[in-house]
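> Predicted model, plus sequence, below.
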Amino acid sequence: MLKVIIGFLLMCLLVPNAQSVVYPSSSTPNGYRYYPLPQDTVGISMFLADVYKYYEAKKLRNDSIKLQLNEDMKWGVDDMMRQQIPAFGFKPSTSQAPALRQLLVDSYTTFSAASAFKGSVRRVRPCRRLRESTFGVESATASDFKPGSSSEFSFPSSHACTSWGIALLLTCMNPWNADTIISRGLAHSQSRVIGGVHWQSDVDAGKVLATANYARMFGFSNLLDRLDQARAETQNELGMSERPSFEQMLASDDTLALLTCRLPGPYEMTTPVGSCELAVLNARMTHCTAATVAAAKQQVDLSTDNLLACFSSQLGTTITAESHPATYALVDMHLRMCRKMHALMQGRYNKPRPVDYFDFANLPLTGEDVDSLRSSSPYPSLHSALGWTAAMVLMNLNPGNINNILKQGVNIGENRIAVGASWPGDVEMGRVVASIAYGYTTACREYTDMARAALTEFSIP
């Protein structure tokens, strides 16, 4: 009995209060309603791609990485802050940086909520599905993830949701070390694949879903005040005199390139994963509807004006530079950062377009020039990146329709697969790049003031 009481007291001290959240749970985006869910059936091509990626990650296992995998297994607030000290610069405490410390503790629950629908998806972990031992995480056997346990299911990755959300929040606090903070967040997430307890798509989804929950924070005026207080504490602790402006951050090509340097490149089409992507795209094109083609045609133009027009029905209004200048400026700022980061990453690769693998006698369905498509690598997808970026900003302006706004952002990328313009992997990576770009943009000097102005235009307190 004494052990039970001591254990309870320790839990109260060490685990963040489940009721301590930065915004009401009723305002949390629901990934089950807007994000593409995995299909775990033998013969489903994207599931087979996950299997191939599992075995690729398994090759990275060795004794030197085992200690790090064991450390990355820990995912409490203090655990992740300890892991982020070399990148962030210091570990916030209630005496040293009280506003930041409390914001981290409160937001942890919000980031965790991004994976709350695991029990609805019920995806079996790779260690159990393939009946293999894990490596350096939880324990040496798959039995720890037995049916009925709290850790039974894998999609999306809770570790990825929380570690990535914390990484974005720390980036907002410390843009000077953004590349190392983001790298740590990426490594923490990827450790779950190497350890054999998550599929690659689990952790990729976790990053994207956590970013939506992070973006939701900027839809509350009281949270903008808390963010400003925490940023001031960080700036003081780091001894920085002034935060960089957006234009200064946008002009820093070296930093922007480093932010994506740990992201993987595309798979060659001759690999098993490439073959899976080919099969998926073929199936999606075969079942493409007239409504999807019409939507994809509307979404070809990636100008700020047209992207905003694509969200008119979900927002209940059309945003223009004249009707909503503050909102337009905020969205355009995010899109500019995303375009720049995308261009730097895209320039590393020369992946062929789907038009090189199919007989496009009357395609692409969107009317785009085939030669223009072939002139640039499709990896990552710019349509996917910008659609997701716009959705994350706009959802705060119509709180009653958050999930439909986010779904529209996801669909702008998914439609590119259906019409044969981009590969599935291009679209997935587009959203990850957008998530990094979104987090980095929120760190600029003028950001919270611009977010307040946009909320004011929509009469959001």
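Done, it's in.
> which stretches of the protein aren't confidently modelled?
1-20, 138-150, 359-364 (pLDDT under 70).
> Quick check: can you list the domain ranges of it?
41-243, 244-461 (automatic domain parsing).
> what separates Val208 from Glu428, distance-wise?
8 Å (Cβ to Cβ, to the nearest Å). Bear in mind the C-beta positions are built from the backbone N, C-alpha and C, glycine included.
> I meant Thr260, not that one.
14 Å.
> what about the domains of the chain, which gets the closest to Ser26?
domain 244-461 (9.6 Å; Cβ to Cβ).
> Beyond the helix or strand hosting Ser435, next helix or strand please.
Using DSSP states H and E, Ser435 sits in helix 424-441. Later in the chain than helix 424-441, the nearest helix or strand by DSSP H and E is helix 447-457.
> Which elements pack onto that following helix?
Where contact means 3 or more Cβ pairs under 8 Å, 6 or more residues apart in numbering; DSSP states H and E, helix 447-457 is packed against helix 221-238, helix 325-346.
> So for it, what gets flagged as buried?
Within helix 447-457, the residues that count as buried by 16 or more other Cβ atoms under 10 Å are Tyr447, Thr448, Met450, Ala451, Arg452, Ala453, Ala454, Leu455, Glu457.
> Same drill for Val208 and Glu428, tell me which one is more crowded.
Just comparing Val208 and Glu428: by other Cβ atoms under 10 Å the higher neighbour count belongs to Val208, 25 against 21.
> so which strand or helix has the more buried one?
Counting by DSSP H and E, Val208 is found in helix 200-216.
> so that helix versus helix 424-441, what angle?
30 degrees (axes from the mean of the first three to the mean of the last three Cα atoms, to 10 degrees).
> tilt between helix 200-216 and helix 325-346?
Using the same axes, to 10 degrees: helix 200-216 against helix 325-346 is 150 degrees.
> heads up, I number from 378, so please use that
Let's use 378 as the start, then, which means that last one is helix 577-593.
> what distance separates helix 577-593 from the centre of its chain?
4 Å (Cα atoms, centre = their mean, to the nearest Å).
> Show me what it is packed against.
helix 408-411, helix 422-435, helix 475-489, helix 535-550, helix 555-571, helix 759-771, helix 801-818.
> rerun at 7 Å
helix 422-435, helix 475-489, helix 535-550, helix 555-571, helix 759-771, helix 801-818 (3 or more Cβ pairs under 7 Å, 6 or more residues apart in numbering; DSSP states H and E).
> Show me what that helix is in contact with.
For helix 577-593, the external contacting residues (Cβ atoms under 7 Å, 6 or more residues apart in numbering) are 400, 404-406, 408, 412, 415, 427, 430, 487-488, 490-492, 531-534, 537-538, 541-542, 545-546, 566-567, 569-570, 769, 772-773, 783, 805, 808-809, 812, 815-816.
> Can I get it in CSV? Just the C-alpha atoms.
Extracted in CSV, the C-alpha atoms of helix 577-593 (Å, rounded to 0.1, in the frame of the first residue of the first chain):
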residue,chain,number,x,y,z
GLN,A,577,7.2,5.6,-40.9
SER,A,578,3.8,7.0,-41.7
ASP,A,579,2.9,7.1,-37.9
VAL,A,580,5.7,9.5,-37.2
ASP,A,581,5.2,11.6,-40.4
ALA,A,582,1.5,12.0,-39.5
GLY,A,583,2.5,12.8,-35.9
LYS,A,584,4.6,15.8,-37.0
VAL,A,585,1.8,17.2,-39.2
LEU,A,586,-1.0,16.7,-36.7
ALA,A,587,1.1,18.2,-33.9
THR,A,588,1.7,21.3,-36.1
ALA,A,589,-2.1,21.8,-36.5
ASN,A,590,-2.5,21.7,-32.7
TYR,A,591,0.4,24.1,-32.4
ALA,A,592,-1.1,26.4,-35.0
ARG,A,593,-4.3,26.5,-33.1
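> for it, which positions count as buried?
Buried residues in helix 577-593 (16+ other Cβ under 10 Å): 577-593.
> Surely Ala672 and Asn792 touch.
Yes. Counting by Cβ atoms under 7 Å, Asn792 is a contact partner of Ala672 at 5.6 Å.
> what about Gly496, how many residues close to it?
Gly496 - counted by other Cβ under 10 Å - has 9 other residues nearby.
> what's the nearest residue to it once chain neighbours are set aside in contact with, if anything?
What sits nearest to Gly496 in space, not counting adjacent residues and going by Cβ to Cβ, 6 or more residues apart in numbering, is Phe530, at 6.4 Å. Applying Cβ under 7 Å, 6+ apart, we find Phe530 in contact with Lys495, Gly496, Val498, Arg499, Arg500.
> From Ser489, how far out is the last one?
In other words, Arg500. 18 Å.
> now the fourth one
Plainly put, Arg499 is 19 Å away from Ser489 if you go by Cβ to Cβ.
> Wait, Ala767 touches Val787, no?
No. Counting by Cβ under 7 Å, Ala767 sits too far from Val787 to count as a contact (11.4 Å).
> okay, these two: which has more neighbours?
Shown here are Ala767 and Val787; by other Cβ under 10 Å, Ala767 has more neighbours (27 against 21).
> Contacts only, for that one.
Leu684, Phe688, Val708, Leu712, Gly786.
> Return the member of those residues nearest to Arg608.
Nearest to Arg608 among those, with distances taken as Cβ to Cβ, is Val708, at 21.9 Å.
> what about the closest one, how many neighbours?
23.
> so what's it closest to, chain neighbours aside?
Val770 (5.1 Å).
> can you give me phi and psi for Trp800?
phi -80, psi 160 (degrees, to the nearest 10).
> how far away is it from Gly790?
11 Å.
> And Ser489, by the same measure?
In terms of Cβ to Cβ, Ser489 sits 25 Å off from Gly790.
> How about Pro415?
16 Å.
> higher neighbour count, the two?
Legend: neighbour count by other Cβ under 10 Å for Pro415 and Gly790, higher for Gly790 (28 against 19).
> got the contact list for that one?
So Gly790 contacts Ser758, His760, Ser761, Gly764, Trp765, Val804, Gly807, Arg808 (Cβ under 7 Å, 6+ apart).
> relative to helix 759-771, how tilted is the helix or strand hosting it?
Assigned by DSSP H and E, Gly790 belongs to helix 779-795. Interaxial angle, helix 779-795 versus helix 759-771 (the same axes, to 10 degrees): 180 degrees.
> in helix 779-795, what counts as buried?
Quick answer for helix 779-795 (16+ other Cβ under 10 Å): 779-795.
> Output the contacting helices and strands for the strand or helix carrying Ala672.
Assessed by DSSP H and E, Ala672 sits inside helix 667-675. For helix 667-675, the packing partners by 3+ Cβ pairs under 7 Å, 6+ apart come out as helix 779-795.
> which residues does Gly807 contact?
Going by Cβ under 7 Å, 6+ apart, Gly807 touches Pro757, Ser758, Leu759, Ser761, Ala762, Gly790.
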